[in-house]
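Novice: build me a model:
(chains A and B)
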2 protein chains.
Amino acid sequence: MITALAGGVGAAKLLRGFIEVLPPEEITALVNTGDDTVFHGLHVSPDLDTVMYTLADAINPETGWGLAGETWRVMESLRRLGGLTWFNLGDQDLATHCYRTQRLSEGATLSEVTRELARSFGVDIRLQPVTDDPLRTRLTLVDGPEVGFQEYFVKHHHDVAVASVTFAGAAESRPAPGVLDAIEQAEVVVVCPSNPVVSIGPVLAVPGIRKALMSRRDDAVGISPIIAGAALKGPADRLLVEMGFEASVVGVARWYAPMISTLVIDEADADLATAVEAEGVRCVVAPTLMTSKEASAQLARTVLDVAS
Amino acid sequence: MITALAGGVGAAKLLRGFIEVLPPEEITALVNTGDDTVFHGLHVSPDLDTVMYTLADAINPETGWGLAGETWRVMESLRRLGGLTWFNLGDQDLATHCYRTQRLSEGATLSEVTRELARSFGVDIRLQPVTDDPLRTRLTLVDGPEVGFQEYFVKHHHDVAVASVTFAGAAESRPAPGVLDAIEQAEVVVVCPSNPVVSIGPVLAVPGIRKALMSRRDDAVGISPIIAGAALKGPADRLLVEMGFEASVVGVARWYAPMISTLVIDEADADLATAVEAEGVRCVVAPTLMTSKEASAQLARTVLDVAS
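Specialist: Prediction:
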């Protein structure tokens, strides 16, 4: 049984590997909800959906987000109305958000809605939002106001300097039912190759999670989202530096050292293995680029191997 | 300058006639919002949209609601997810609701949003929700619970007995800015051929409206939505009986007698003209079936003629 801390695309690709090598009922993904937001009144959960669509083999392979074969009728009409369209939501994707919003308005928890959606999409792993309570990543820009995550990520193309990151609602949030158990009872805890600051950061900000993870450090394996000093996608490299860390596997090791005993780094960073270990973390060098389902499965096998 | 009290389809057809015979800036439509509801988190204003789409020549001519050339991608996906789909929302129509919901969430009033949407759709009359406050028509069924208007109208196909009708929020609502002025300053007040109980009823339930209308009784003309004892569309006939009125032009005359001095009835009801006048309302017999734009324009001319 594994429990994986997950953000969006990188985590989705690794989980797609895990379902090739483990029965789905042995996999729990604790997914970031700090990116969740409301557009047009609709509750959007980008990371939950990216993981769900990827595991359903329904993801748009070109973008890594959204659904394959998507159409854009609503957005085209909304553009003609002068509406808010910088966050592009496809027609099929909108149905997911309509479903989620309606069920939440009826009193269902995000965990319940996520289970229902996962079942509809044929996703058999336990897909679990880290919390059912509001949790919102907020970024204070160096030259501007505080903005929400999607505004930073999509509207500003994460091409702006960040002074600080906060997780609104974190202090009052509770881990969703079963989340702490999933960490405590896992044979292996996996920290997916997601953005440490804005994907795993919100997960760690939910009271109780960090402590539970620290108690499982011996069985926890992380995979560096930084390869050769850069993030494959998104602003993980830039944000690590802005938070005072190195944009390297060494910075990742330092960030996660209290919670993981092993860090898997890419072969491109083999020369930094000693520096990683100097952070008090065992270093495993392996191919980490998940360019195919088979590559994802191979990385999943590596994680299980190094954990045992 | 005319001010028209409006529900959905019947009112939209008459207003389509008025824009043929009057400059648009001389027409104000005070539209029912008692049918407004939230589906999937989206604020839907059925009567405002029916009027807007009709005046924009964008209405689906087959259904009388929704947009011509509509597609149903979101609903098809939502159906696959097991979502709430008994209220069918087309993709282009959803964009209207997304726009409205987003703007309301930003603090705009329904009046402001309606003006913005009308401008986008090229609708030049003053399209005005009767109130910016929540107003919700609720029906207590004889054999069941209290339901919202759309549940009664769409889900139950208005084929259930109604014990009573209430307008939730009415007591606390205020006429939207300019609404009372529009009634007081109009040369002619028109009560459109809409459902007296559930389309005009909510408008009259907003404090101040009924009194303002009564003060303009001499200049107010109604058009009967009942022809030969039946509603052209919807449950106006049935509801009038359930409210203790006749399902006839006489019942309509009695319902509106405190607020209108003239009722236009269809030629099919010519034999009831004397009975209408016995209710204290002048009766004008004219063709009222609006089967074409020209027929709508002719009825609009009739209304202006009898008012002057």
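Novice: residues touching residue A:247, list them.
Specialist: Shown in contact with residue A:247 (CB atoms under 8 Å, 6 or more residues apart in numbering or on different chains): A:226, A:229, A:230, A:236, A:237, A:238, A:240, A:241. Bear in mind the C-beta positions are built from the backbone N, C-alpha and C, glycine included.
Novice: for the first one, what are phi and psi?
Specialist: It stands for residue A:226. When read as degrees, to the nearest 10, the backbone of residue A:226 gives phi -100, psi 130.
Novice: what sits closest to it if chain neighbours are left out?
Specialist: In space, residue A:226 comes closest to residue A:252 once its chain neighbours are excluded; the distance is 5.4 Å by CB to CB, 6 or more residues apart in numbering or on different chains.
Novice: what about that neighbour, is that helix, strand or coil?
Specialist: The three-state assignment at residue A:252 reads helix, by DSSP: H, G, I helix; E, B strand; the rest coil.
Novice: for residue A:262, see how far away it is.
Specialist: Distance of residue A:252 to residue A:262, computed by CB to CB, to the nearest Å: 12 Å.
Novice: quick one, which of the contacts of residue A:247 are buried?
Specialist: A:226, A:236, A:237, A:238, A:240 (16 or more other CB atoms under 10 Å in any protein chain shown).
Novice: now render those residues as a markdown table, adding secondary structure.
Specialist: Shown next, in a markdown table, are those (three-state DSSP):
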| residue | secondary structure |
| --- | --- |
| A:226 | strand |
| A:236 | helix |
| A:237 | helix |
| A:238 | helix |
| A:240 | helix |
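Novice: how many neighbouring residues does the residue nearest to residue A:226 have?
Specialist: 29 (other CB atoms under 10 Å in any protein chain shown).
Novice: surely it and residue A:227 touch.
Specialist: No: here residue A:252 does not reach residue A:227: they are 10.2 Å apart, not a contact under CB atoms under 8 Å.
Novice: identify the contacts common to the two.
Specialist: Joint contacts of residue A:252 and residue A:227 (CB under 8 Å, 6+ apart) are residue A:265.
Novice: touching both of residue A:252 and residue A:262, which residues are there?
Specialist: Residues touching both residue A:252 and residue A:262 by CB under 8 Å, 6+ apart: residue A:222.
Novice: quick one: find the helix or strand in chain A with the lowest mean pLDDT.
Specialist: Lowest by mean pLDDT, DSSP states H and E among the helices and strands of chain A is helix A:149-150, with a mean of 92.
Novice: other residues contacting that helix?
Specialist: A:34, A:35, A:37, A:39, A:44, A:46, A:87, A:136, A:137, A:138, A:139, A:198.
Novice: within range of chain B, give me the residues from the stretch 101-250 of chain A.
Specialist: For the stretch 101-250 of chain A, the residues in contact with chain B (CB under 8 Å from any CB of the partner chain) are A:101, A:102, A:105, A:116, A:117, A:120.
Novice: now the first one: which helix or strand?
Specialist: Same thing as residue A:101. In this assignment (DSSP states H and E), residue A:101 forms part of helix A:91-105.
Novice: just checking, what packs against that helix?
Specialist: strand A:42-44, helix A:73-80, helix A:110-120, strand B:37-39, helix B:73-80 (3 or more CB pairs under 8 Å, 6 or more residues apart in numbering or on different chains; DSSP states H and E).
Novice: how about those, which one is nearest residue A:147?
Specialist: Nearest to residue A:147 among those is strand A:42-44; the distance by CB to CB comes to 15.9 Å.
Novice: briefly note if that closest one comes near chain B.
Specialist: Yes: using CB under 8 Å from any CB, strand A:42-44 reaches chain B at A:42, A:43.
Novice: may I have the helix holding residue A:101 as CSV, with CA atoms only?
Specialist: Below are the C-alpha coordinates for helix A:91-105, written out as CSV (Å, rounded to 0.1, in the frame of the first residue of the first chain):
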residue,chain,number,x,y,z
ASP,A,91,-17.1,22.0,-22.6
GLN,A,92,-16.5,18.4,-21.3
ASP,A,93,-14.3,19.8,-18.5
LEU,A,94,-17.1,22.2,-17.6
ALA,A,95,-19.4,19.3,-17.0
THR,A,96,-17.0,18.0,-14.3
HIS,A,97,-17.1,21.4,-12.6
CYS,A,98,-20.9,21.7,-13.0
TYR,A,99,-21.2,18.2,-11.4
ARG,A,100,-18.8,19.1,-8.5
THR,A,101,-20.4,22.5,-7.8
GLN,A,102,-23.9,21.1,-7.8
ARG,A,103,-23.0,18.3,-5.4
LEU,A,104,-21.1,20.6,-3.1
SER,A,105,-24.1,23.0,-3.1
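Novice: who touches residue A:290 in this structure?
Specialist: With CB under 8 Å, 6+ apart, residue A:290 has these contacts: A:10, A:13, A:14, A:16, A:17, A:296, A:299.
Novice: among these, which ones are buried?
Specialist: The neighbour count (16+ other CB under 10 Å) marks A:10, A:13, A:14, A:16, A:17, A:296, A:299 as buried among the contacts of residue A:290.
Novice: so how far is chain B from the last one?
Specialist: To tie it back to what came earlier, the one meant is residue A:299. Using CB to the nearest CB, to the nearest Å, one gets 31 Å for the distance from residue A:299 to chain B.
Novice: okay, buried residues for the helix or strand harbouring that residue please.
Specialist: Applying DSSP H and E as the criterion places residue A:299 in helix A:293-307. Within helix A:293-307, the residues that count as buried by 16+ other CB under 10 Å are A:296, A:297, A:298, A:299, A:300, A:301, A:302, A:303, A:304, A:306, A:307.
Novice: now stretch A:160-176
Specialist: A:160, A:162, A:165, A:166, A:167, A:168, A:169, A:170, A:173, A:175, A:176.
Novice: can those residues go into a markdown table with extra columns for secondary structure and pLDDT?
Specialist: Listed next are the buried residues of stretch A:160-176 as a markdown table, based on DSSP: H, G, I helix; E, B strand; the rest coil; pLDDT from 0 to 100:
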| residue | secondary structure | pLDDT |
| --- | --- | --- |
| A:160 | coil | 94 |
| A:162 | strand | 95 |
| A:165 | strand | 96 |
| A:166 | strand | 97 |
| A:167 | strand | 97 |
| A:168 | strand | 97 |
| A:169 | coil | 98 |
| A:170 | helix | 98 |
| A:173 | coil | 98 |
| A:175 | strand | 98 |
| A:176 | coil | 98 |
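Novice: wait, which of these is closest to residue B:58?
Specialist: Checking the buried residues of stretch A:160-176 against residue B:58 with CB to CB, the nearest one is residue A:160 at 39.7 Å.
Novice: quick one, helices of chain A?
Specialist: Using DSSP state H, the helices found in chain A span residues A:9-21, A:46-55, A:73-80, A:91-105, A:110-120, A:149-150, A:179-185, A:200-205, A:209-214, A:236-242, A:249-256, A:273-277, A:293-307.
Novice: helices or strands up against the fifth one?
Specialist: Right, the one you point to is helix A:110-120. Helix A:110-120 makes packing contacts with helix A:46-55, helix A:91-105, strand A:126-129 when contacts are defined by 3+ CB pairs under 8 Å, 6+ apart.
Novice: returning to that earlier point: need the buried ones among the contacts of residue A:290 in a markdown table (columns: pLDDT).
Specialist: Shown next, in a markdown table, are these (pLDDT from 0 to 100):
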| residue | pLDDT |
| --- | --- |
| A:10 | 96 |
| A:13 | 97 |
| A:14 | 98 |
| A:16 | 98 |
| A:17 | 98 |
| A:296 | 98 |
| A:299 | 98 |
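Novice: now stretch A:57-73 - C-alpha only, PDB.
Specialist: Extracted in PDB, the C-alpha atoms of stretch A:57-73 (Å, rounded to 0.1, in the frame of the first residue of the first chain):
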ATOM      1  CA  ASP A  57      -6.500   8.000 -20.100                       C
ATOM      2  CA  ALA A  58      -8.700  10.900 -21.000                       C
ATOM      3  CA  ILE A  59      -6.200  13.700 -20.600                       C
ATOM      4  CA  ASN A  60      -5.300  16.000 -23.500                       C
ATOM      5  CA  PRO A  61      -1.900  14.600 -24.300                       C
ATOM      6  CA  GLU A  62      -0.800  17.900 -26.000                       C
ATOM      7  CA  THR A  63      -1.400  20.200 -23.000                       C
ATOM      8  CA  GLY A  64      -1.100  17.700 -20.100                       C
ATOM      9  CA  TRP A  65      -4.300  19.300 -18.700                       C
ATOM     10  CA  GLY A  66      -8.000  19.200 -19.800                       C
ATOM     11  CA  LEU A  67      -9.600  16.400 -21.800                       C
ATOM     12  CA  ALA A  68      -8.700  14.900 -25.100                       C
ATOM     13  CA  GLY A  69     -11.200  15.600 -27.900                       C
ATOM     14  CA  GLU A  70     -12.300  18.700 -26.100                       C
ATOM     15  CA  THR A  71     -14.500  21.400 -27.600                       C
ATOM     16  CA  TRP A  72     -14.800  25.100 -26.600                       C
ATOM     17  CA  ARG A  73     -18.300  26.200 -27.400                       C
END
